[in-house]
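S.K.: Quick one: sequence and predicted model below, then my questions.
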Amino acid sequence: MSKKKAFALRVNENTMKAIEKWAADEFRSTNGQIEWMLHEMLKKSKRLPKK
């Protein structure tokens, strides 16, 4: 399992509400949803680091 790095993230209030709702719909935590979203965009753009 890779290490996780904590950092502060400032997000527009309406964007955060939308992410929280999406996370609840997918049975994920808000943090888990943001991690998933970032991973999916990196994969889609073919920017995931090589293992």
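M.R.: Everything's here; your move.
S.K.: what packs against the biggest helix by length in the chain?
M.R.: Taking DSSP state H as the criterion, the chain has its longest helix at helix 30-44. With contacts taken as 3 or more Cβ pairs under 8 Å, 6 or more residues apart in numbering; DSSP states H and E, helix 30-44 sits against helix 13-25. Every residue, glycine included, has its C-beta placed from N, CA and C.
S.K.: residues of the helix it packs on that come out buried?
M.R.: For helix 13-25, the neighbour count (16 or more other Cβ atoms under 10 Å) marks 19, 23 as buried.
S.K.: likewise stretch 22-36?
M.R.: Buried residues in stretch 22-36, counting neighbours by 16+ other Cβ under 10 Å, are found at 23, 28, 33-34.
S.K.: sorry, back to before: so what touches the longest helix of the chain?
M.R.: Contacts of helix 30-44 with the rest of the structure, by Cβ atoms under 8 Å, 6 or more residues apart in numbering, involve 9, 16, 19-20, 22-23, 26, 28, 48.
S.K.: Where does residue 9 sit: helix, strand or coil?
M.R.: Secondary structure assignment for residue 9 (DSSP: H, G, I helix; E, B strand; the rest coil): coil.
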